[in-house]
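Enquirer: need a structure here:
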Amino acid sequence: MTIAFMWAEAQDHLIGAKGQLPWHLPADLQHFKQVTVDQIVVMGRKTYAGMGKPLPQRTNIVLSQQTDYPVAPGVILLNNVAAVLAYAAAHPQQETIIIGGAQIFNLFKDQVTRLYVTKIAARFSGDTYMPELDWPAFTRVAFQPGVVDAKNKYPYSFATYQRTNE
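Expert: Numbers count the residues shown, from 1 in each chain. A predicted model of the protein is given here:
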């Protein structure tokens, strides 16, 4: 069972602005899709509401304490970390990828084994920051610099980290 985090952050660890991404970076959206298609994505209620609809070709789980929170058909509503971990354990052929927001990342930071992070070398305005992680517990296993072009205006890179065996 793999529990992963996937997020993009600016230089100051900013990840959101009023429930949305503070930047437009099509290459990051494409990377996100490549990693998450056919996998399980777990998000909080606010992240789900900010997207407006479930992500296609993925198992969408919304984690909320509201047991009657309305979700689209096919979206799974779970109410605690244990339920998400049980679902992940029952589907070991799929990676379970936590995609936000900050409160949800905080809930799983002791269970996460893989990190997919897009680092954007720019500053933006926003209100949500990535929680502190135990970075010494992880080793970078992949790195790819991004290509700045007409559609992707900010310098960026993709990196993958794996939790080091303790």
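
Enquirer: residues contacting the residue sitting nearest the centre point of the chain?
Expert: Note on the chain: the residue nearest the mean C-alpha position is residue 99, at 2.2 Å, using C-alpha atoms, centre = their mean. Applying C-beta atoms under 8 Å, 6 or more residues apart in numbering to residue 99 gives the contacts 5-7, 36, 41-43, 47. For every residue, glycine as well, the C-beta is placed using N, CA and C.

Enquirer: which parts of whichever strand or helix holds residue 82 are buried?
Expert: Using DSSP states H and E, residue 82 sits in helix 81-90. Neighbour counts over helix 81-90 (16 or more other C-beta atoms under 10 Å) mark 84-85, 87-88 as buried.

Enquirer: output the contacting helices and strands for it.
Expert: On a contact count with 3 or more C-beta pairs under 8 Å, 6 or more residues apart in numbering; DSSP states H and E, helix 81-90 meets strand 40-44, strand 59-63, strand 76-78, strand 96-100, helix 102-108.

Enquirer: after the longest one, next one along is what?
Expert: This points to helix 102-108. Under the assignment DSSP H and E, the closest C-terminal helix or strand after helix 102-108 is strand 114-120.

Enquirer: show residues contacting that next one.
Expert: Strand 114-120 is contacted by residues 2-11, 23, 25, 28, 31, 35, 95, 97, 133, 138, 146, 154-163 when judged by C-beta under 8 Å, 6+ apart.

Enquirer: looking at the residues you listed, which are in helices?
Expert: Here DSSP state H is the test, and the contacts of strand 114-120 give 28, 31, 35 as lying in helices.

Enquirer: closest one of these to residue 111?
Expert: When the ones in helices among the contacts of strand 114-120 are ranked by distance to residue 111 (C-beta to C-beta), residue 35 comes first, at 18.4 Å.

Enquirer: residues near the closest one, how many?
Expert: By other C-beta atoms under 10 Å, the residues close to residue 35 number 16.

Enquirer: show me what contacts it?
Expert: Residue 35 neighbours (C-beta under 8 Å, 6+ apart): 6, 97, 116.
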